[in-house]
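**Student:** For reference, the sequence and a predicted model appear below.
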Amino acid sequence: MDPFDQQPSVLLKAEDLQPSLNLPNPHQIVDASGNVLLNGSWEVPGGLNKLSGAVRNYVDYVSNDPTKSLAEIKSLLQNIRPDMEIPKEEREGTPEAMLYPLMEHQKVGLTWLKKMEEGPTKGGILADDMGLGKTIQTLALLVSRPSQDEKRKTTLVVTPVAVLKQWEKEIKKKLKNDHQLSVCIYHCQGKKIKSFADLAQYDVVLTTFGTIASEYKRKEIYLRNMTAGNAGPEPAQIILGKASKFYRVVIDEAQWIKNRDTQSSKGCYSIDAQYRLCLSGTPMQNSCDELFSLLRFLRIKPYNEWSTFAETFSRPLKQKSNYSANQAMSKLQALLKAILLRRTKDSTIDGQPILALPPKEIVMVHAVFSQDEKEFYDALESKSKIQFNKYLRQNAVGRNYSNLLVLLLRLRQACCHPHLINDIEEAKDEGDRDEILDLVHQLSPEVVKRIKQSESLECPVCLDVSDNPSIVIPCGHLFCKECLLQVQTQHEQSNLARGDDNSKLRCPGCRGELDPKRITSLSSFKMVHPPEGDDADRGASGLRRDSDDDLIYDSDSEDEEERDADEYGNLKNSVIPDDAGYGDHPAPKLAAKSKGKGKQKAGRTLAEVRKDAMRNEKSKQLYHKYLQKRWVDSAKVAKCMELLERIQQAHPHEKTIVFSQFTSLLDFLEIPISRKSIEYRRYDGGMSSTKRNQSINDFIDDADVKVLLVSLKAGNSGLNLAVASQVIIFDPFYNPYIELQAIDRAHRIGQQRRVVVHRLVVAGTVEDRVLALQEKKKALIEGALDENAQRGLGRLTAKDLGFLFVRHLLSSYSFMHLTTDKSIGNW
């Protein structure tokens, strides 16, 4: 088999290849018969084997020529200036178009941005900490370096859906009226935008990652069909078309393209723009591999090729050899110093702090299990270890990666409250069983294969793990239920604001049409397509899903009177034995149905009741009555309440934010908080935008409201909660930067008090290992982004920097060639 058959797609530009091939048309490559082999820029599926021998050999030469790589590295490292700070006299001033003056660090940022666009890289990464004004600095760049070419004047900004409107507002609010930029939001536009020419009339176009992914998917299918010889008409490409040429493309929250294999990442790379900029306070969150997608997007040669990036950085940093890892880290720091600007809230400028914020203190608070909780946790951990060892013996860890994530999820839940394990199962799919399974059967073989091969159940919206994610039909993209509900709520609110009932809900993953009635779950998927090599009938946790405590009531008739809970805490018409436990007990038989009540439903999970509670006030009251009657404390809940009471006694005027990943845990917290008569509000993705805004306004404006319960998914970014000075992180998250973003809701501009962060942890549990994982990730990423280390790089000579990068190339190219090459003679 030709080794090129196994290569990934390659992106080729005719104008890059033409000079060496000596062909007449700078934008086309033709064979001897005049057939067009390459027109403009194309991504060729299947790799280089689809090209002619001449083109293939040239591309192979370009990709592997060490002298070319050396020249590219040398040009790149020339961006490193000997001093860290730009002197005042060399800084850009506030552009005339800006309504408000730039802060000094923002002037430095603008100067750096202009320098990067005018240099060989034609862009870079602005990685300032949250709250330092990345958007403002970008707007200053837009108005101070406008295009001089009317045919290529538009700046494209790609953002998450949640901040589209925020960008539009910032442009209007921060620019003077007589310097306003024309703005178009290209997202679910329907027939309004028919071609790139419609977009090209605007100064700024705002779009989403989903829109880019959708266009790229259509392009990918077309190219695949074209290679197979059965291509139909070329699909409309508004952003990724051959005629779509932008002046500048800005990727906001660039960590969204960290996975190099996603359509969003590939689509952003395919955008044709003269200048390219990434904005991200967290350009790496888990490993240096996530940086590759940004380098590929920015065209940072030679590291925009995965093989070169992996050889230089990825593999050495994962080796046990300290020497190799240290060398790779030094190279990575030098690379980032050449293309990235990062300032934190602790950074200084002109000898003064960038921001004069009050101090932030992080305190570890340990909760201690009761004897029952410890026995329950130990039993669960023991089952998890047995299951893991089973996978290990079968050499099936990779195949059961998602199941292992669920095992960890269960352990994390058990640390918070034992009822999270059994009571709070993901709600089962609604509707007739046959209809549910029929939805799964509608998935194409390609989608089924993709889902079965998926190594992670990480929701692409919130980046958290879900044990039973929702699956959108027919595209098969997976999301946690809360994020999908939040997307649906935002869509309904947007339609209401525009007075448009015809706008279709779109899948956040591919922008395909999303019908809320055509959504199934992973558990239903596994009923039709059972996993191979594991106990599919038991579930990853080893606990039965039909455990006793899942059953609540057996009737759902609309005409039934309001239910209440009996003296034992059970809802009427339910059968929940007093000794109901958390083990593998058979589900109890339901009570006899009342006559004359119409059609009856089977027992329902607490998650299903909670889902109903989000729809109307009556169901919500019923749900809370159930929780109150069957209330069971936990070590963490008790410790959290102890903290809240202590804060109120010692600092009666201070407010507290409580973050948790589990919205059901926030439900539990509401019970003791209410009993202590503490005024609180709630903020999570299941609430309408109106209710969320009301909660925030009450928390900010009402002095009596002391506590805000926040879902980490919904409230880790975009909120200004400087009115609070106490933060409780109820449960640690794998990604430390999600937590830091949450903390920064309080520790930001406008904060007047010292901020105290209380991190609740149960020692001797999986939470210790989560914290250790956080520290490992932070050590790697902060080491690469460390300002002091990068400052030292500026004092290295060109020879020193060259040595860092050249050594690994020397072994693959003869010494004679290197010493006679003028482009590297100075090294």
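**Tutor:** The structure has been received and is ready for your questions.
**Student:** and the closest residue to residue 627 other than its chain neighbours, what is it in contact with?
**Tutor:** Spatial nearest neighbour of residue 627, excluding adjacent residues (Cβ to Cβ, 6 or more residues apart in numbering): residue 671 at 5.5 Å. Just so you know, the C-beta spots here come from the backbone N, C-alpha and C atoms, and that holds for glycine as well. By Cβ atoms under 8 Å, 6 or more residues apart in numbering, the residues touching residue 671 are 624, 627-628, 631.
**Student:** How about residue 267?
**Tutor:** Contact partners of residue 267, counting by Cβ under 8 Å, 6+ apart, are 212-213, 215-216, 240.
**Student:** now it: how far from residue 174?
**Tutor:** Residue 267 sits 29 Å away from residue 174, going by Cβ to Cβ, to the nearest Å.
**Student:** Identify, from the contacts of residue 267, the entry nearest to residue 483.
**Tutor:** Using Cβ to Cβ, residue 213 is the member of these that lies nearest residue 483, at 16.0 Å.
**Student:** Just give the nearest non-adjacent residue to residue 265, would you?
**Tutor:** Nearest residue to residue 265 in three dimensions, chain neighbours excluded: residue 257, at 4.0 Å (Cβ to Cβ, 6+ apart).
**Student:** Number of residues surrounding residue 183?
**Tutor:** Look at residue 183: counted by other Cβ atoms under 10 Å, it has 16 neighbours.
**Student:** related to what we said a few turns ago, thought residue 297 was touching the residue nearest to residue 265, still the case?
**Tutor:** Yes: using Cβ atoms under 8 Å as the test, residue 257 is close enough to residue 297 to be in contact (6.6 Å).
**Student:** Mutual contacts of the two, please.
**Tutor:** Common contacts of residue 257 and residue 297 (Cβ under 8 Å, 6+ apart): 251, 265, 268.
**Student:** Just the C-alpha atoms of the helix or strand hosting the second one, please, in CSV.
**Tutor:** What it means is residue 265. Using DSSP states H and E, residue 265 sits within helix 263-270. C-alpha atoms of helix 263-270 as CSV (Å, rounded to 0.1, in the frame of the first residue of the first chain):
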residue,chain,number,x,y,z
GLN,A,263,-14.3,20.7,12.1
SER,A,264,-14.2,24.1,14.0
SER,A,265,-10.4,23.9,14.2
LYS,A,266,-9.9,22.8,10.6
GLY,A,267,-12.4,25.4,9.4
CYS,A,268,-10.8,28.3,11.2
TYR,A,269,-7.4,27.2,9.7
SER,A,270,-9.0,27.3,6.2
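**Student:** Which neighbouring elements make contact with whatever helix or strand comes next after that helix?
**Tutor:** Next along the chain after helix 263-270, taking DSSP H and E as the criterion, comes strand 273-279. Counting contacts by 3 or more Cβ pairs under 8 Å, 6 or more residues apart in numbering; DSSP states H and E, strand 273-279 packs against helix 104-118, strand 123-126, helix 134-144, strand 246-252, helix 291-298.
**Student:** Taking strand 246-252 as reference, get the angle to the last one.
**Tutor:** To tie it back to what came earlier, the one meant is helix 291-298. 160 degrees (axes from the mean of the first three to the mean of the last three Cα atoms, to 10 degrees).
**Student:** got a list of what residue 666 touches?
**Tutor:** Here residue 666 is in contact with 658, 660, 682, 684, 709-711 (Cβ under 8 Å, 6+ apart).
**Student:** what's the helix or strand for it?
**Tutor:** helix 663-675.
**Student:** Let me know the angle separating the helix holding residue 265 from helix 291-298.
**Tutor:** 40 degrees.
**Student:** tilt between helix 263-270 and strand 273-279?
**Tutor:** Using the same axes, to 10 degrees, one finds that helix 263-270 and strand 273-279 are set 140 degrees apart in direction.
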